[in-house]
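Q: Sharing a sequence plus its predicted fold:
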Amino acid sequence: MTDDRVLFEVDADHRIATITLNNPRQRNSYDAAMRDEIARYLDIVADDDDLTVVLLRGAEGVFSTGADMNNAYGWYGDERSREGQSAGDERSREAAPKKSRPSQRRRLTVDRKSFGFYHNFMGFPKVTVGEISGYALGGGFEMALMTDISVIARDTKIGMPATRFLGPALGSLHMFFHRLGPVLARRMLLTGDIVEAGSIEHLGIFTDTCDADQVPARAQYWAAKAAKMPADGVVIAKEAFRLVEQSQAYQGEEVASYIFHAYGTNLQFSPGEFNFVKTRAQHGTKEAFRLRDEHFHVPEPQ
């Protein structure tokens, strides 16, 4: 079964495949089904000897705001609908079973699969190009950092806001420190700050930082350049890159990432700390995000 929230196109003449996150009503956030569809298309590209590049983008000028948090427990196999979990639907709430945290074993099983997707994307055997604009948050930010060549709009909002309700141990820590550097990684993970890509342009984290209206053309340009490279040479180089990163930067990451995430999503909250899942159940997702930002706002000194 296909999911029209993920689109797939192949330009055989230029050896480029394009995967588009097509969920603009939710700023191209994704659930498990969408992520599995992306993985399926990546497998198609990996197995096609005639394709050299995959371009990852989001519909309507937004890359991705990451994992869909409207149904946080849905990632762990809770099949209750969003409507049934909505604070505004009293009848559905009365009919739904009492919520309970997923077991630690369930968290580990699911998170192992989740981070398997990110590991495969980071070590993908073909060239990956990111067309990044609007928002790249959470898992969207991780995928943006994992692309080989990244084209990003200066006004793109980037960050890991989920650290504000899950803590900084989200997994992919090796990748954050390696790609962002230890100072910026600590700042973003310990504060949950969202920053504009243009403010860190001087750090060279992204391949090409430009104005928003230039991003699609610049991404196509880089994809076309990479697609002209010898296909066998690209695959050999990508495996060599992966070996270097695994030996120098990512040792132990394939296990540590999902363990950190599984434990980190099972936090206990002390009085006065912000509990997003509880707040969302009481007030709904939109209000929970507003209350989260209100709770974490600290005015800068004058």
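A: Received the coordinates, thanks. Residues are numbered from 1 along each chain as shown.
Q: Now do the strands in the chain.
A: 6-11, 16-21, 53-58, 127-132, 135-137, 149-153, 157-159, 194-196, 208-210 (DSSP state E).
Q: Give the buried residues for the fifth one.
A: Going by neighbour count (16 or more other Cβ atoms under 10 Å), the buried part of strand 135-137 is 135-137. Every residue, glycine included, has its C-beta placed from N, CA and C.
Q: Provide the partner residues of Val151 in its beta bridges.
A: Glu131, Asp208 (DSSP bridges).
Q: For it, which residues are in contact?
A: By Cβ atoms under 8 Å, 6 or more residues apart in numbering, the contact set of Val151 is 129-132, 206-208, 210, 215, 218-219, 222.
Q: about what we covered before: TSV for the strands of the chain, including distance to Val235?
A: Listed next are these as TSV, based on distance: least, Cβ to Cβ, whole Å:
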stretch	distance to Val235
strand 6-11	18
strand 16-21	15
strand 53-58	12
strand 127-132	10
strand 135-137	27
strand 149-153	16
strand 157-159	29
strand 194-196	35
strand 208-210	23
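Q: Of all these, which one comes closest to Ala262?
A: Closest to Ala262 of the strands of the chain, according to Cβ to Cβ: strand 135-137, at 21.1 Å.
Q: Residues contacting that closest one, please?
A: 27, 62-66, 143-144, 152, 156-161, 194, 197.
Q: Would you map the helices across the stretch 1-150 of the chain?
A: 32-47, 82-85, 90-95, 104-122, 139-146 (DSSP state H, counting those that start in this stretch).
Q: That should have said the stretch 151-300 of the chain, apologies.
A: Counting by DSSP H, counting those that start in this stretch, the helices of the stretch 151-300 of the chain are 163-166, 173-180, 182-191, 215-227, 231-248, 253-264, 276-283, 285-296.
Q: Report the rounded mean pLDDT for stretch 29-40.
A: For stretch 29-40, mean pLDDT rounds to 94.
Q: list the buried ones in it?
A: Using 16+ other Cβ under 10 Å as the test for burial, stretch 29-40 gives 29-32, 34-35, 37-39.
Q: Identify the farthest-apart pair in these.
A: Pairwise distances across these (Cβ to Cβ) peak at 16.6 Å, for the pair Ser29 and Ala39.
Q: who touches the closest residue in space to Ile194 that isn't next to it in sequence in this structure?
A: With sequence-adjacent residues excluded and distances taken as Cβ to Cβ, 6 or more residues apart in numbering, Ile194 is closest to Gly159, at 3.8 Å. Contacts of Gly159 were listed using Cβ under 8 Å, 6+ apart, and they are 137, 141, 188, 192-195.
Q: out of those, which are buried?
A: The buried subset of these - by 16+ other Cβ under 10 Å - is 137, 141, 188, 192-194.
Q: could I get the residues you listed as TSV with distance to Phe115 and pLDDT?
A: What follows is these, written out as TSV (distance: Cβ to Cβ, whole Å; pLDDT from 0 to 100):
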residue	distance to Phe115	pLDDT
Leu137	18	96
Phe141	15	96
Met188	19	94
Gly192	20	92
Asp193	24	94
Ile194	23	95
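Q: Next, format these as a markdown table and append distance to Ala288.
A: Output for these, formatted as a markdown table (distance: Cβ to Cβ, whole Å):
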| residue | distance to Ala288 |
| --- | --- |
| Leu137 | 15 |
| Phe141 | 20 |
| Met188 | 21 |
| Gly192 | 14 |
| Asp193 | 19 |
| Ile194 | 16 |
